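Student: got a predicted structure here, sequence first:
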Amino acid sequence: MDWPSNSPDLNPIENLWAIVKGRVERRQPKNITELERFMIEEWDNIPQNIIINLIRSMKECCQFIIANNGEQIPY
């Protein structure tokens with residue numbers, strides 16, 4: 001199977017970044033200093049179980065991608 005050059009479906013870090021982004025946006029940083037601080041704080045506060053669940057979901061995501069002939073899957 002050819003590996004797509006850009007496949008967020010198969011990259012758990014994309015989901016993790018989406019979580020951080022949502023949390024930072026809710027805090028509404030007012031400047032670049034706040035943005036940087038909020039990003040660091042939110043990254044540091046991601047519960048370990050979220051990271052573990054993202055990693056554990058990889059097998060199922062790969063199976064969905066294969067079943068969908070390499071096309072994008074909903075997540």
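Tutor: Thanks, I have it.

Student: for Val24, the count of nearby residues, please.
Tutor: 20 (other C-beta atoms under 10 Å). For the C-beta atoms, the positions are set from N, CA and C on the backbone; glycine is no exception.

Student: check the gap between it and Ile51 for me.
Tutor: 17 Å (C-beta to C-beta, to the nearest Å).

Student: how about low-confidence regions in this structure?
Tutor: Scanning the chain for pLDDT under 70 picks out the ranges 1-9, 73-75.

Student: centroid residue for it?
Tutor: The structure's the chain has its C-alpha centroid closest to Asn15; by C-alpha atoms, centre = their mean the separation is 1.4 Å.

Student: ok, Met39 - contacts?
Tutor: With contacts defined as C-beta atoms under 8 Å, 6 or more residues apart in numbering, Met39 is in contact with 20, 24.

Student: and it, how far is that from Asn11?
Tutor: In terms of C-beta to C-beta, Met39 sits 19 Å off from Asn11.
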